[in-house]
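quick one: sequence and predicted model below, then my questions.
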Amino acid sequence: MTEPTEDAATGDGNGDADEGPSTTQFVAPIAGLLSIVFAVMAGASLQYALSGPTELLLVPAGLAAASVGALYLKRKVQSPSGDADA
């Protein structure tokens, strides 16, 4: 038997493509789904918040902010340079 060469031990640089999808490919769809879920929850809680005390308006406002944050994350991940202003 022969000993493995240095190229086989360290890889030739093409092994990264064969390991499967990177985690960034999963972030964008999940962030998009979370954005939709947060927006729906904000809309569903708005009527209850408007009919109750003013402190309850923080719930739909927080959910709307979380929805916008998830959209920002999705846009940042999908841009080729990683910059959200692209």
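Looks like it came in fine.

give me the buried positions along stretch 29-49.
Neighbour-count burial for stretch 29-49, counted by 16 or more other Cβ atoms under 10 Å, picks out 31-32, 34-35, 38-39, 41-42, 45-46, 49. The C-beta positions use only the backbone N, C-alpha and C, and glycine is treated the same way.

please tell me how far Ser67 sits from Leu57.
With distances taken as Cβ to Cβ, to the nearest Å, Ser67 is found 16 Å from Leu57.

isn't Met41 right next to Leu63, touching?
Yes. Counting by Cβ atoms under 8 Å, Met41 does reach Leu63; the two are 4.9 Å apart.

alpha carbons only: can I get the strand or helix carrying Val77 in PDB?
For Val77, the host element (DSSP states H and E) is helix 58-78. Provided in PDB are the C-alpha atoms of helix 58-78 (Å, rounded to 0.1, in the frame of the first residue of the first chain):
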ATOM      1  CA  LEU A  58     -46.700  46.800  21.600                       C
ATOM      2  CA  VAL A  59     -47.400  43.200  20.600                       C
ATOM      3  CA  PRO A  60     -48.300  43.900  16.900                       C
ATOM      4  CA  ALA A  61     -45.600  46.600  16.700                       C
ATOM      5  CA  GLY A  62     -43.000  44.100  17.900                       C
ATOM      6  CA  LEU A  63     -44.200  41.400  15.600                       C
ATOM      7  CA  ALA A  64     -44.100  43.900  12.700                       C
ATOM      8  CA  ALA A  65     -40.600  44.900  13.600                       C
ATOM      9  CA  ALA A  66     -39.600  41.200  13.700                       C
ATOM     10  CA  SER A  67     -41.100  40.800  10.200                       C
ATOM     11  CA  VAL A  68     -39.100  43.700   8.900                       C
ATOM     12  CA  GLY A  69     -36.000  42.400  10.600                       C
ATOM     13  CA  ALA A  70     -36.400  38.900   8.900                       C
ATOM     14  CA  LEU A  71     -36.900  40.600   5.500                       C
ATOM     15  CA  TYR A  72     -33.700  42.600   6.100                       C
ATOM     16  CA  LEU A  73     -31.800  39.400   7.000                       C
ATOM     17  CA  LYS A  74     -33.200  37.600   3.900                       C
ATOM     18  CA  ARG A  75     -32.100  40.500   1.700                       C
ATOM     19  CA  LYS A  76     -28.700  40.700   3.300                       C
ATOM     20  CA  VAL A  77     -28.100  36.900   2.800                       C
ATOM     21  CA  GLN A  78     -29.300  36.900  -0.800                       C
END
